[in-house]
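In: fold the stuff below for me.
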Amino acid sequence: MKLNNILKYLYAAFLLVSLVSCGDRDTMPKPKGYFRIDLPVKKYVMFDSVYPYSFEYSVYSKIIPDTNKNAEPFWINLYYPRFNGTIHISYKYVKHNFAKYAEDSYNLAMKHISKANNIDNDRFDFPENNIHGIIFNIEGNDAASPYQFFLTDSISNFVRGALYFNIKPNNDSLSPVIGDIKEDILHIIKTFKWKKY
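Out: Next up is the predicted model:
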């Protein structure tokens, strides 16, 4: 009887091993993937208040006054709750210090060079609105700010903007969101206007 039980267990074990070892398995490791990010349809509204500038911004963002202890008048944050990102916008009245503000903007963009693969800058001019400036495209997976810019009329107004996300930088997974917000930044720049201050 014991031999009979042992044979039954051996047969069951053999059958189980045969079933488990059969089959078409993919033994190749899978590449790291990211969740699909659904981006909203573009819609813009005008920001026009007591500030010395106006522009159109995405309805999916919120304008929040900058309450940082170093913030100055007319500084705002354009917060994207869905993506946990913010475009920090600072304003300076230019007296005779345009060169200093432009140099500060370059230096702040170049602070990311240790984490960036490449930093491109593109100059733009919209003379009909007296808008001139530079966009800094900061490429690199670990760069904290993938996009920065400044706008000026070269006489009395200077605005600087920088996009940051409130998460650890991983720009590969954020690239659809970064691309989407870059479109919003370009729209801000194209619709930007100075007001008398």
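In: going forward, measure contacts and count neighbours with C-alpha atoms only.
Out: Will do.
In: state the helix or strand in which the most centrally placed residue in the chain lies.
Out: Geometric centre of the chain, nearest residue: residue 178, 4.0 Å, by Cα atoms, centre = their mean. Following DSSP states H and E, one finds residue 178 within helix 171-191.
In: tell me the first helix or strand C-terminal of the least confident helix or strand in the chain by mean pLDDT.
Out: When each helix and strand of the chain is scored by mean pLDDT, DSSP states H and E, helix 2-21 comes last, with a mean of 69. Moving toward the C-terminus from helix 2-21, the first helix or strand encountered (DSSP H and E) is strand 44-47.
In: residues of that following strand that come out buried?
Out: Buried residues in strand 44-47, counted by 16 or more other Cα atoms under 10 Å: 44, 47.
In: okay, the angle between the next helix or strand after it and helix 171-191?
Out: Moving toward the C-terminus from strand 44-47, the first helix or strand encountered (DSSP H and E) is strand 53-58. If you take axes from the mean of the first three to the mean of the last three Cα atoms, to 10 degrees, strand 53-58 sits at 140 degrees to helix 171-191.
In: show residues contacting strand 53-58.
Out: Identification of contacts with strand 53-58 by Cα atoms under 8 Å, 6 or more residues apart in numbering yields 42-48, 184, 187-189, 191-195.
In: re the thing from before, wait, isn't the residue nearest to the centre of the chain in contact with residue 148?
Out: No - contact criterion Cα atoms under 8 Å: residue 178 and residue 148 do not qualify, at 11.7 Å.
In: where does the closest residue to residue 163 other than its chain neighbours land on pLDDT?
Out: For residue 163, ignoring the flanking residues on the chain, the nearest one in space by Cα to Cα, 6 or more residues apart in numbering is residue 87 at 4.3 Å. Per-residue confidence (pLDDT) for residue 87: 97.
In: who are the neighbours in contact with residue 87?
Out: Residue 87 neighbours (Cα under 8 Å, 6+ apart): 77-79, 161-164.
In: so for stretch 130-147, what's the average pLDDT?
Out: For stretch 130-147, mean pLDDT is 87.
In: for that stretch, measure first residue to last.
Out: 22 Å (Cα to Cα, to the nearest Å).
In: what's in contact with it?
Out: Contacts of stretch 130-147 (Cα under 8 Å, 6+ apart): 109, 112, 115-126, 148-154, 162-165, 168-172, 178, 182, 192-194.
In: in ChimeraX, select just the buried ones from these.
Out: A single ChimeraX command selects the buried members of those (16+ other Cα under 10 Å):
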select :109,112,116,119,121,125,148,149,150,151,152,153,154,162,163,164,165,169,171,178,182,192,193,194
